[in-house]
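> Quick one, fold the following:
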Amino acid sequence: MFEIRLLTAKDAGALWTLRLEALASVPEAFGESAAEHRATSVESIATRLAGGGADSFVVGAFDAAGLAGTAGYYRDTREKRRHKGHIWGMYVAPRLRGQGAGRALLLEAIRYANTSPGLRTILLSVSETQPAARRLYERAGFVHYGTEPHALRVGDRDLAEEFLVLTLY
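Now for the predicted structure:
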């Protein structure tokens with residue numbers, strides 16, 4: 001079993017650690033590298049978690065051992081783009097995979113983001129190496145709208161990123 005809830009500043013250390021695990025174990029799935037993440041302080045993560053409300057947050061999945069999954073969200077701030085939000089950093093630790101945690105995280109992120117007035121679409125990207133993640137997003141209603149070839153360079157490999165959108169109205 002697992003619990004889904006919004007992360008707070010008190011969860012910053014656990015988020016920092018789980019994010020490093022994600023970036024190190026599946027580097028082809030994320031735009032940030034483990035080395036870049038190591039340069040990020042726990043304090044800066046705590047600050048970001050402390051005050052975003054429905055416009056910027058991270059949802060976590062917790063099991064008996066602690067934080068085991070995340071889904072981040074932020075909303076565009078510019079006037080002409082404020083109707084759009086973005087899911088980022090979806091990750092479920094191996095110990096919780098196959099139990100519905102990814103779906104629960106995604107649906108809670110969408111639900112909470114949708115409490116913010118005027119939100120019309122939620123966007124995300126997924127590496128071509130992550131077909132299970134893409135299926136999860138499509139089952140939640142996201143549709144493909146484009147592909148960027150050579151979007152990520154991991155070692156000596158170029159990877160495409162697929163872009164998906166969920167329309168809320």
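
> So residue 164 versus residue 55, what's the distance?
Per Cβ to Cβ, to the nearest Å, residue 164 is found 21 Å from residue 55. Heads up, the C-betas are built off the backbone N, CA and C, glycines and all.

> So those two - more neighbours on which side?
residue 164 (20 against 16; other Cβ atoms under 10 Å).

> mind checking which helix or strand that one is in?
Element membership for residue 164 (DSSP states H and E) is strand 157-167.

> can I get the CA coordinates of that strand in PDB?
The C-alpha trace of strand 157-167 is given here as PDB (Å, rounded to 0.1, in the frame of the first residue of the first chain):
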ATOM      1  CA  ARG A 157      23.300   8.400 -27.600                       C
ATOM      2  CA  ASP A 158      20.800  10.900 -29.000                       C
ATOM      3  CA  LEU A 159      17.300  10.400 -27.800                       C
ATOM      4  CA  ALA A 160      14.000  11.800 -29.100                       C
ATOM      5  CA  GLU A 161      11.400  13.300 -26.700                       C
ATOM      6  CA  GLU A 162       7.700  13.000 -27.400                       C
ATOM      7  CA  PHE A 163       5.400  15.800 -26.400                       C
ATOM      8  CA  LEU A 164       1.900  15.200 -25.000                       C
ATOM      9  CA  VAL A 165      -1.000  17.400 -24.000                       C
ATOM     10  CA  LEU A 166      -4.100  17.000 -21.800                       C
ATOM     11  CA  THR A 167      -6.900  19.400 -22.600                       C
END
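
> So for it, mean pLDDT?
What strand 157-167 shows for mean pLDDT is 98.

> Distance from that strand to the middle of the chain?
Relative to the centre of its chain, strand 157-167 is centred 13 Å away, using Cα atoms, centre = their mean, to the nearest Å.

> Show me which residues of that strand are buried.
159, 161-166 (16 or more other Cβ atoms under 10 Å).

> Which members of the residues you listed are the farthest-apart pair?
Distance extremes for those: the farthest pair is 159 and 166 at 22.8 Å, using Cβ to Cβ.

> and residue 52, what pLDDT?
As predicted, residue 52 sits at a pLDDT of 77.

> what about it, how many neighbours?
15.

> go on, the one 4 residues further on?
Burial of residue 56, expressed as a neighbour count using other Cβ under 10 Å, amounts to 17.

> Look up how far residue 66 lies from it.
23 Å.

> Ok, residue 13 next?
From residue 13 to residue 66 the distance is 10 Å (Cβ to Cβ).

> Closest to residue 141 out of the buried residues of strand 157-167?
Closest to residue 141, out of all of these and judged by Cβ to Cβ, is residue 166, at 5.2 Å.

> who touches that closest one in this structure?
110, 121-123, 140-143 (Cβ atoms under 8 Å, 6 or more residues apart in numbering).

> With that, I have no additional questions.
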